[in-house]
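# Sharing a model that was predicted from the sequence below.
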Amino acid sequence: MSRLIILISGRGSNMRALVEAGLPVAAVISNRADAGGLVWAREHGIATEVIDHRLHVDRPSFDQALAETIDRYRPDVVALAGFMRILSAPFVERYRGRLVNIHPSLLPAFTGLHTHERAIEAGVKCHGATVHLVTAELDHGPVLIQAIVPVRQDDDPERLAERVLRAEHIIYPRAVRWLLEGNLDMTGDHVRTRDAQPQYLWADGSAEGL
Ligand code: NHR
Ligand code: GAR
């Protein structure tokens, strides 16, 4: 049986989507004791841990404590789900090919924070979310799946974020399942599903024929 660890910092709606998809979640770990997602996880009988980054003198020592806690659960895959601490190169190397993140933009556009606001500001018409393997370079790892969400004329960052989030909840469980089940072929930056399942999602069905 494969094992999944989820790292969160906040409300944990993506964590919930992973649990509700029936994935084998061994534990949920947060860097914040007040993360809303921890309450939901405990209510659902899932083991939880808190590793508070403020109690560590520097990033390497936080990352070391985090890795030690993760490794006690002997996970096959580690999924970042709204996890807000940048991870150091040794941490990323330890879980190479098994550490995955969901980022709220169509990478490589809009790396970093405040993506919805920046997409509207830039005037792009297609936005979305990306599930990617984590590498030492922030928001730059190989892409597993992307969801395209149209930007509407009257969108504000909150409304756009809400639609992107719904797409995230569809693509994240799909991609994590591929990883857990060994359904991905990886060569360099290129990741392909072995059974040719589509690695994109259109939030707007009208474009299906393209
Ligand atoms: N770590 C590595 N090495 N590579 C990635 O691609 C990572 C990562 C850690 C987290 C998620 C990411 C996102 O999807 C992620 C990807 C936090 C920040 C950030 O600036 C940036 C990107 C992401 C997560 N964090 C601040 C920091 O100093 C703290 C911000 C806060 O606490 O609110 O770590 O967007
Ligand atoms: C999600 O939109 C996720 O893509 C994003 O934060 C939200 C977390 O929501 N992640 C990042 O911005 C990482 N820097 P959730 O806690 O409800 O899953």
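Sure, I can see it. Ligands and ions are numbered 1, 2, ... in the order given.

# Please identify the residues of this structure in proximity to ligand 2?
The chain comes close to ligand 2 at residues 8, 10-14, 81-82, 84, 102-104, 165, 168, as judged by Cβ under 6 Å from any ligand atom. For every residue, glycine as well, the C-beta is placed using N, CA and C.

# So how do I select the buried members of the residues you listed in ChimeraX?
Remark: buried members of the residues of the chain next to ligand 2, expressed as a ChimeraX selection using 16 or more other Cβ atoms under 10 Å:
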select :8,10,12,13,14,81,82,102,103,104,165,168
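
# Cross-check the residues of the chain next to ligand 2 against ligand 1 and keep the overlap.
Near ligand 1, by the rule Cβ under 6 Å from any ligand atom, you find 84, 103 out of the residues of the chain next to ligand 2.

# Could you dump the residues of the chain next to ligand 2 into JSON lines and include pLDDT and secondary structure?
Output for the residues of the chain next to ligand 2, formatted as JSON lines (pLDDT from 0 to 100; DSSP: H, G, I helix; E, B strand; the rest coil):
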{"residue": "8", "pLDDT": "98", "secondary structure": "strand"}
{"residue": "10", "pLDDT": "97", "secondary structure": "coil"}
{"residue": "11", "pLDDT": "97", "secondary structure": "coil"}
{"residue": "12", "pLDDT": "98", "secondary structure": "coil"}
{"residue": "13", "pLDDT": "98", "secondary structure": "helix"}
{"residue": "14", "pLDDT": "98", "secondary structure": "helix"}
{"residue": "81", "pLDDT": "98", "secondary structure": "coil"}
{"residue": "82", "pLDDT": "96", "secondary structure": "coil"}
{"residue": "84", "pLDDT": "95", "secondary structure": "coil"}
{"residue": "102", "pLDDT": "98", "secondary structure": "strand"}
{"residue": "103", "pLDDT": "97", "secondary structure": "strand"}
{"residue": "104", "pLDDT": "98", "secondary structure": "coil"}
{"residue": "165", "pLDDT": "97", "secondary structure": "helix"}
{"residue": "168", "pLDDT": "97", "secondary structure": "helix"}
